[in-house]
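Enquirer: how does the following fold in three dimensions:
(chains A and B)
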Amino acid sequence: MSQTDQAVPAGHVLRYNFKERITHWVAAGSYLYLLLTGLAFWSPWCFWIAVMLGGGQVSRMLHPWMGMVFAICVVIMYVLWASHMGLTENDKKWFKEVGYYVQNEDEKMPPAGRYNGGQKSLFWGFVVCMVLLVLSGTVLWFTESIPWSLRYLRYAAVLVHASSALLTIGLFLLHVYMGVFAERGALDSMVHGDVPLKFIKRYHPGWYEELTGQPASPKK
Amino acid sequence: MSQATLRVQKISGHAGSVPGDDAQREYAVCKLIDTTTCIGCKACEVACMEWNDLPFGQTVFDNTYQTMPETRWNYWNLILFNEHEKEDGSLMWLMRKNQCMHCADPGCLAACPSDGAIVQYTNGIVDFQQANCIGCGYCITGCPFDIPKMNPKTNRVFKCTLCADRVSEGLEPACIKSCPTGCLHFGSKEDMLDIAEKRAKQLREHFDFPSAGVYNPQGVGGTGVVYVLHDATKPELYGGLPSNPSIPWSVKLWKGPLKWLGNAAMLGGLIGLVVHYLRFGPKEREETIKEAHEGAEP
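Expert: Got it, this is the predicted structure:
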């Protein structure tokens, strides 16, 4: 993750190297497939999606394999990023003031580091949901092999799989909204890898101070 | 299985109305199995295999007369044998022909996500349409009787059709036709319940079975297959027939409240984000970002 991994324009810092970016986008692609086929299995009103994607049989066959791809990506992202994602006292303060963040009054927020409390929570949310989805998904994958005496596994799996999938949908919506719409430049950083210092100063003042040794905002 | 000329009143995984719903006089059919006159001859097993033209599989010997431990995707009709020791120490053979119960409120159909893979005809028969089956196995989770079984080669689920193809032509199911003792009956639900109750009364009053009764569990809205049992208080003795079956509560929760909560949350979240964008917008507008990308130092 050092800045020497790839050339970045002057005044920019490398935030995501190639390995991180490709992992993120493979995860994104597999998640999208899982979301679409999952919605098709979730509600009759969405079953047409499975038809569009090659039919219910094909969707049922590929969904678990795509789930494996997504799970492996999450594991890689865990290895890459978990060390940055520890929730600190500062993050707790950040969450207390999150109302200001929602109203775009970021100057009233405690300064966020490389990742803010919301981003860290999103990361952990996806990690926990991935584990639940893989466990319940394995039961659903091999439903017919589960003996009648262990049928409670099946009963638990349908609930756990649906609930944790719903949770990830909430996280996913927030993630896309923040990354594409609310925080302009964030999507760019995941595509090209680098972010301008100005972006860091604006959204991650704590990290800015770490990088430059200068305060991100004039003392009030 | 069959593409019978029967009208459909319930469809799995289906959005919108159902063509046959409310289109016909209510006339539920029913199979009556009198376990007290069953001799375990397995003629019904053979007739089922013959009529439905099912491929043979190996039988499994487990020191009883039972053909195999449980029904299979290609073996829909299985007599379960139980050597029951009565309180006085004497033995009694309990034999129950096991197959799909054709629930009025079918758990398989409730759990199925695939449009038209499971249908219920207006006469009450629950039928799998393998052409529409996607092989997810949710019906296996939804069934309280452990009946739907998956063909591992084609990933499609099969079970007893109550010979919907024969019934639609005015014939009785193949198993009924083959029964040599007359322990199997077929007719309207009303008639079958009437015969069953009379037989149970007879068993209580004239034979030594004070607890004899009819098995028509209300937890699944009643069934299209009803049993007369020597002891209706202990259906479990008959190869694990559940005493009070219902659609598993987790399946009901999943297909009911969780679904509506989830849908509301997903739609609400989406609307919330749009409203937030219109009210507060992005944290920085385009022009600031463009400047930033030129690498301009603040």
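Enquirer: for residue B:77, give me its contacts.
Expert: By CB atoms under 8 Å, 6 or more residues apart in numbering or on different chains, the contact list for residue B:77 reads B:44-45, B:47-49, B:71, B:97-99, B:160, B:175. Every residue, glycine included, has its C-beta placed from N, CA and C.
Enquirer: my read is residue B:83 is in a strand, agree?
Expert: Yes - per DSSP: H, G, I helix; E, B strand; the rest coil, residue B:83 lies within a strand segment.
Enquirer: how many residues are close by it?
Expert: By other CB atoms under 10 Å in any protein chain shown, 10 other residues sit near residue B:83.
Enquirer: got it, and residue A:190?
Expert: Applying other CB under 10 Å, we find 17 other residues in the vicinity of residue A:190.
Enquirer: three-state assignment of it?
Expert: Three-state call for residue A:190 (three-state DSSP): helix.
Enquirer: which residues does it contact?
Expert: Contacts for residue A:190 (CB under 8 Å, 6+ apart) come out as A:16, A:21, A:24-25, A:179.
Enquirer: if we can go back for a sec, among the contacts of residue B:77, which lie within strands?
Expert: Taking DSSP state E as the definition of strands, the contacts of residue B:77 contribute B:97-98.
Enquirer: what's the closest of the contacts of residue B:77 to residue B:15?
Expert: Nearest to residue B:15 among these is residue B:160, at 27.9 Å by CB to CB.
Enquirer: how much space separates that closest one from chain A?
Expert: 17 Å (CB to the nearest CB, to the nearest Å).
Enquirer: try residue B:203
Expert: The gap separating residue B:203 from chain A is 30 Å, by CB to the nearest CB.
Enquirer: what's near enough to touch the closest residue to residue A:87 other than its chain neighbours?
Expert: Ranked by CB to CB, 6 or more residues apart in numbering or on different chains and with sequence neighbours excluded, the top spatial neighbour of residue A:87 is residue A:120, at 5.6 Å. The contact partners of residue A:120, by CB under 8 Å, 6+ apart, come to A:84-87, A:91.
Enquirer: generate a ChimeraX selection restricted to the buried subset of the residues you listed.
Expert: For the buried members of the contacts of residue A:120, the matching ChimeraX selection, counting by 16 or more other CB atoms under 10 Å in any protein chain shown, is:
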select /A:85,91
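Enquirer: in helices, which of the contacts of residue A:120 fall?
Expert: In this view, the contacts of residue A:120 that belong to helices under DSSP state H are residue A:91.
Enquirer: just the closest of the contacts of residue A:120 to residue A:199, please.
Expert: Closest approach between those and residue A:199, by CB to CB: residue A:84, at 17.0 Å.
Enquirer: quick one: contacts for the closest one?
Expert: By CB under 8 Å, 6+ apart, residue A:84 lies in contact with A:114-115, A:120.
Enquirer: same list (those) but as TSV, adding distance to residue B:236, secondary structure and pLDDT.
Expert: Converted to TSV, the contacts of residue A:84 look like this (distance: CB to CB, whole Å; DSSP: H, G, I helix; E, B strand; the rest coil; pLDDT from 0 to 100):
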residue	distance to residue B:236	secondary structure	pLDDT
A:114	61	coil	92
A:115	56	coil	94
A:120	52	helix	96
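Enquirer: got the residue ranges for the helices in the chain?
Expert: This is for chain A. Counting by DSSP H, the helices of chain A are A:18-42, A:47-52, A:56-81, A:89-96, A:98-102, A:117-141, A:151-176, A:186-192, A:197-203, A:205-212.
Enquirer: chain B was what I was after
Expert: B:43-51, B:107-111, B:138-142, B:164-167, B:174-178, B:189-206, B:249-255, B:257-279, B:286-293.
Enquirer: any idea how far the fifth one is from the middle of the chain?
Expert: So that's helix B:174-178. Computed by CA atoms, centre = their mean, to the nearest Å, the chain-centroid distance of helix B:174-178 equals 21 Å.
Enquirer: in it, which residues are buried?
Expert: Residues B:174-178 are the ones in helix B:174-178 that count as buried (16+ other CB under 10 Å).
Enquirer: go on, the longest one?
Expert: By neighbour count on 16+ other CB under 10 Å, the buried set for helix B:257-279 is B:258, B:262, B:265-266, B:269, B:273, B:276.
Enquirer: who's in contact with residue B:20?
Expert: The contact partners of residue B:20, by CB under 8 Å, 6+ apart, come to B:6-9, B:121-122.
Enquirer: quick check: the farthest pair among those residues?
Expert: Across these (CB to CB), the longest gap, 9.5 Å, separates B:6 and B:9.
Enquirer: what touches both of these two?
Expert: B:20, B:121-122.
Enquirer: among those residues, which lie within strands?
Expert: Using DSSP E, the subset of those located in strands is residue B:121.
Enquirer: closest one of the shared contacts of residue B:6 and residue B:9 to residue A:147?
Expert: residue B:121 (31.6 Å).
Enquirer: please name the bridge partners of the closest one.
Expert: residue B:8 (DSSP bridges).
Enquirer: what's the pLDDT at it?
Expert: On the pLDDT scale, residue B:121 is placed at 92.
Enquirer: check residue B:16 too.
Expert: Listed pLDDT for residue B:16 reads 81.
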